[in-house]
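K.L.:
Provide a 3D model corresponding to the input given below.
(2 chains)
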Amino acid sequence: DTGVSQNPRHKITKRGQNVTFRCDPISEHNRLYWYRQTLGQGPEFLTYFQNEAQLEKSRLLSDRFSAERPKGSFSTLEIQRTEQGDSAMYLCASSLGPRYNSPLHFGNGTRLTVT
Amino acid sequence: KNEVEQSPQNLTAQEGEFITINCSYSVGISALHWLQQHPGGGIVSLFMLSSGKKKHGRLIATINIQEKHSSLHITASHPRDSAVYICAVKETSGSRLTFGEGTQLTVNP
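P.N.:
Below is the predicted model of the structure:
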């Protein structure tokens, strides 16, 4: 068990470019969450998967954002046509569901800077 | 008004002091989490509780479901406790967590 792994740790991109982040959850965890955190704020929910099914998606997730978890293991979060407002820390977390009180384990995040 | 509110936003203490961070929420919850975030961004889960009190080392977390309030206490604080402490609730109606804005704690030697 190596914990939740996110790659890359940092990404700098120019406005208008597409970026993709990867999250590898703890292997037996079937629930995977994406959150976004801007400076000085708490994390905001983006989307969550149970196995390969995307069960919930925040209104924050515009059409430029898409997330997948094709085999119910790792997940990718893609942002198309990035904007400066997309600059944030993108956090992934996983848990063992559907036990409602299963602890969440977070990755170290991917920090995105859009110039 | 945020669904989860923390106080204070910033807290500076001297080493050894007893520290309390408060969290109030306005929704029905199935669980409340206290999380610790260090400057690099990594988040560590400290506690998950749905009633009563939990203790781990110098950390104590309490929750009052009727009052929709939780507290995180740190006894004998140390500079290495300096971090952002975040309260997050899991609503009874779903699986997402709703986070407070965090409390920046600085413990000076």
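
K.L.:
can you get me a residue count around residue 96?
P.N.:
Just going to use chain A. A:Leu96 has 15 neighbours, counted by other CB atoms under 10 Å in any protein chain shown. (Glycine included, C-beta is placed from N, CA and C.)

K.L.:
think we crossed wires, I meant chain B
P.N.:
B:Arg96 sits with 20 neighbouring residues when counted by other CB under 10 Å.

K.L.:
any idea how far the closest residue to it other than its chain neighbours is from A:Lys71?
P.N.:
Take B:Arg96 and drop its neighbours on the chain: the residue closest to it by CB to CB, 6 or more residues apart in numbering or on different chains is A:Phe45, 4.4 Å away. Per CB to CB, to the nearest Å, A:Phe45 is found 23 Å from A:Lys71.

K.L.:
which one's more surrounded, those two?
P.N.:
Neighbour totals were compared for A:Phe45 and A:Lys71, and A:Phe45 leads with 21 against 9 (other CB under 10 Å).

K.L.:
doesn't B:Leu97 make contact with that one?
P.N.:
Yes: the criterion here is CB atoms under 8 Å, and A:Phe45 meets it with B:Leu97 at 6.6 Å.

K.L.:
which residues of chain B lie near chain A?
P.N.:
Counting by CB under 8 Å from any CB of the partner chain, chain B comes close to chain A at B:4, B:30-31, B:33, B:35, B:40-45, B:48, B:50, B:86, B:88, B:90, B:94-102.

K.L.:
between A:Phe45 and B:Leu97, which contacts overlap?
P.N.:
Common contacts of A:Phe45 and B:Leu97 (CB atoms under 8 Å, 6 or more residues apart in numbering or on different chains): A:33, A:35.

K.L.:
show me what the residue lying closest to A:Phe74 once chain neighbours are set aside is bridged to.
P.N.:
Leaving aside its sequence neighbours, A:Phe74 sits nearest to A:Asp24 (CB to CB, 6+ apart; 4.8 Å). Here A:Asp24 sits in beta bridges with A:Ser5, as judged by DSSP bridges.
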